[in-house]
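Participant: With the sequence up front, the predicted model follows.
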Amino acid sequence: QVQLVESGGGLVQVGGSLRLSCAVSGRTSSTYAMGWFRQAPGKEREFVAVVDGRSGNTDYADSVEGRFTISRGDAKNTMWMQMNRVDPEDTALYFCAAGAGAWYNGHRDEAEYDYWGRGTQVTVST
């Protein structure tokens, strides 16, 4: 049974920083793509960032490019996302996800991910 558990969410002021973590347990391959998605109140879940397990390549949504950084531990069982210069539009429930073929099949599409965490709330205050 694969489990993904997010942590690190909380309340942060505009312009501040936050670091999210995703711990992976169970049978996953180190080649899986690992991604972050978010869902704001009243909106659909959207892609934020992804790191490919094979190449280490990354991709970001335009809205976070240059402010957020995704990374993965050498043991491939932990993933992080450093969030800098946050703004109120970043307020959302953040989910981590893992997908065997996600990187090549469309890593911005949540349907390509096999496993999901329950989310961690990020709230940006003005």
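Facilitator: Sure thing, it's come through.
Participant: which strand residues sit across from the residue nearest to M34 when sequence neighbours are not counted in the sheet?
Facilitator: Leaving aside its sequence neighbours, M34 sits nearest to M79 (C-beta to C-beta, 6 or more residues apart in numbering; 4.6 Å). For every residue, glycine as well, the C-beta is placed using N, CA and C. Beta-bridge partners recorded for M79 (DSSP bridges): C22, R72.
Participant: Could you report the neighbour count for M79?
Facilitator: M79 has 26 neighbouring residues, counting by other C-beta atoms under 10 Å.
Participant: Check it and give its pLDDT.
Facilitator: Here the pLDDT value assigned to M79 is 94.
Participant: Touching the helix or strand where Y104 lies from outside, list them.
Facilitator: Using DSSP states H and E, Y104 maps to helix 102-106. Helix 102-106 is contacted from outside by 32-33, 35, 50, 52-55, 57, 99, 112-113, using C-beta atoms under 8 Å, 6 or more residues apart in numbering.
Participant: now the residue nearest to M34: how far from N105?
Facilitator: 19 Å (C-beta to C-beta, to the nearest Å).
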